[in-house]
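Enquirer: Sharing a model prediction with you, sequence too.
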Amino acid sequence: MTPSFEQDHDFGRRLTTLAVGIDQLERRLSDGQGVLDSEGLIPIYLGGDLVSGTTFKNWEDVFRQLEKLESEANSYPSGSRRVFLIAMLDSLRAAAQLFNGAELTFGEKLERLVGVPAQAVPTEQLEEMRSKLETMLEQSGYQHGNLSERVMRWESERFLETNQIEPTFEALMLEGQRRTDALVFATKDYRMRLNLVGGVPYTARCNFNQGLMDLNGDLKFTRSALKHLVAHEVFPGHSTQLLYTLDAAQHGSSTADVLLCTANTVVGTIQEGIGDQGIHLIDWIESEDDAIFMALRRLRSAAATSAAWYQMAEFWTLEQVREFLQTTAFPQATWREGRLRFAAHPFRGAFIASYWFGDEAVREVRERTKPEHHKAFIKYLYAQMHTPSSLRMFEA
């Protein structure tokens, strides 16, 4: 039987109290020293005034509550909501099992925790991306040398000087917000400042609570790369999704589980997909450089996904993985080493695949959505939590 509006909202609230309760229990028992370090299951939670977590005494209490909600979710009729709820609850179960000391293979983490296939990106697909990039560079005048040499020459000629980073960031932030306000959500007076950091495994991070976009100062950036990061982390990416979901939960137009949009669960895949497709969602490809960079970024995302699989599932040596990444996607050494560290994390490592699979899911649906249905797609994308499978069920 199809649940009523009120019943589904009640389920969403109970799902949220469960997830927040798991987050609080893990933090309490591990004191920041568990498999999640200090990040928590839910890195950023804005719903404290709306939905509080269940106070669990132990993991047995968590598993009993999970079993109850899983039984209810299985009674939902077929459709995107049921697909999401079943996957989300199994993702929370996998997380709780890891927090409770269980061992899961890298493949199990990919399938259950992240909600993506346990596999590398097919070699022929990587070759297609490399061929497309090579054609784009040739058309842009880069016709000599192998692909690695062309990419490195193209990037090096466009890297911003250190003193150009902040003013470029500020200008991109303003334009990204203008486009996001027009096409996605009115972000009002929200702003984010640039914060250069070093010695970190990531390229950039949405430090929402501090109002900062952390940027890895050990890397070099082109204008197009910085634009992508502004779109991914802020407008219309992570910050915008946080603002959108909080507003929707406050007004009751979405179920409370949208408040879990940053959770290290299956929702993370679409969160990263929104970020990586951010430039496209606000129609911000303005130049040949932008198009080339996005093709290069997509190749690197796919290569990182495959490299993590080879490293953690097929147990290649680190030197073999380094060589694969370098010869496939030609990254800066800092980026390459950061990906090796990321993949090896006992909990977060599997989420390296969320970028590729989330990007592909959002891209596929965006590309088949007609312009007149853009608003409906944005609402479906932002106002509900999804897995790649449930997102692909969108019909305008």
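Expert: That came through fine. Residues are numbered from 1 along each chain as shown.
Enquirer: Dump stretch 388-395 to CSV, keeping only the CA atoms.
Expert: What follows is stretch 388-395, C-alpha atoms only, in CSV (Å, rounded to 0.1, in the frame of the first residue of the first chain):
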residue,chain,number,x,y,z
PRO,A,388,22.2,6.5,-8.8
SER,A,389,19.4,4.0,-9.4
SER,A,390,16.6,6.1,-7.9
LEU,A,391,17.8,9.2,-9.7
ARG,A,392,17.7,7.5,-13.0
MET,A,393,14.0,6.9,-12.5
PHE,A,394,13.3,10.6,-13.0
GLU,A,395,10.5,11.3,-15.5
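Enquirer: what's next to that stretch, contact-wise?
Expert: Residues outside stretch 388-395 that contact it (C-beta atoms under 8 Å, 6 or more residues apart in numbering): 79-81, 83-84, 87, 115-116, 269-270, 273, 357-358, 360-362, 364-365, 369, 377, 380-381. Every residue, glycine included, has its C-beta placed from N, CA and C.
Enquirer: what does stretch 60-71 give?
Expert: Contact with stretch 60-71 is made by 11, 14-15, 18, 21-22, 25, 54, 56, 86, 89-90, 92-93, 96, as judged by C-beta under 8 Å, 6+ apart.
Enquirer: In the chain, where is pLDDT below threshold?
Expert: Within the chain, the stretches with pLDDT under 70 are 1, 32-38.
Enquirer: Let me see the contact set for the most centrally placed residue in it.
Expert: Against the mean C-alpha coordinate of the chain, by C-alpha atoms, centre = their mean, the closest residue is residue 272 at 1.8 Å. Listed by C-beta under 8 Å, 6+ apart, the contact set of residue 272 reads 351, 354, 355, 358, 359.
Enquirer: Excluding chain neighbours, give the residue nearest to the residue sitting furthest away from the middle of the chain in space.
Expert: What lies farthest from the middle of the chain is residue 144; by C-alpha atoms, centre = their mean that is 35.6 Å. Closest residue to residue 144 apart from its sequence neighbours, by C-beta to C-beta, 6 or more residues apart in numbering: residue 150 at 7.5 Å.
Enquirer: Regarding residue 86, which helix or strand does it belong to?
Expert: Using DSSP states H and E, residue 86 falls within helix 80-99.
Enquirer: What of residue 2?
Expert: According to DSSP H and E, residue 2 maps onto no helix or strand at all.
Enquirer: Backbone dihedrals for residue 216, both of them.
Expert: Backbone torsions of residue 216, given as degrees, to the nearest 10, read phi -70, psi 100.
Enquirer: Just to be sure, residue 65 is in a strand?
Expert: No - applying DSSP: H, G, I helix; E, B strand; the rest coil, one finds residue 65 to be helix, outside a strand.
Enquirer: do you know how far it is from residue 19?
Expert: Residue 65 is 10 Å from residue 19, where distance means C-beta to C-beta, to the nearest Å.
Enquirer: More neighbours: which of those two?
Expert: Remark: of residue 65 and residue 19, residue 19 carries more neighbours, 27 against 21, as counted by other C-beta atoms under 10 Å.
Enquirer: Tell me how far the more buried one lies from residue 96.
Expert: Between residue 19 and residue 96 the computed distance is 10 Å (C-beta to C-beta).
Enquirer: Residue 169 now?
Expert: Residue 169 is 39 Å from residue 96, by C-beta to C-beta.
Enquirer: coming back round to it: among the contacts of residue 272, which lie within helices?
Expert: Residues of the contacts of residue 272 located in helices (DSSP state H): 354, 355, 358, 359.
Enquirer: The last one touches residue 278, doesn't it?
Expert: No - between residue 359 and residue 278 no contact is recorded; they are 10.1 Å apart, counting by C-beta atoms under 8 Å.
Enquirer: what's near enough to touch the nearest residue to residue 306 once chain neighbours are set aside?
Expert: Leaving aside its sequence neighbours, residue 306 sits nearest to residue 120 (C-beta to C-beta, 6+ apart; 3.9 Å). By C-beta under 8 Å, 6+ apart, residue 120 lies in contact with 305, 306, 309, 310.
Enquirer: Select only the buried ones of the contacts of stretch 388-395 in PyMOL?
Expert: Listed next is the PyMOL selection for buried residues among these, using 16 or more other C-beta atoms under 10 Å:
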select buried, resi 80+81+83+84+87+115+116+269+270+273+357+358+360+361+362+364+365+369+377+380+381
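Enquirer: Flag every buried residue along stretch 5-15.
Expert: Residues of stretch 5-15 classed as buried by neighbour count (16+ other C-beta under 10 Å): 8, 9, 11, 12, 13, 14, 15.
Enquirer: Toward the C-terminus from the helix or strand hosting residue 134, list the very next helix or strand.
Expert: If you go by DSSP H and E, residue 134 is part of helix 123-139. Downstream of helix 123-139, the first helix or strand assigned by DSSP H and E is helix 147-156.
Enquirer: From the contact counts, what lies against that following helix?
Expert: With contacts taken as 3 or more C-beta pairs under 8 Å, 6 or more residues apart in numbering; DSSP states H and E, helix 147-156 sits against helix 123-139.
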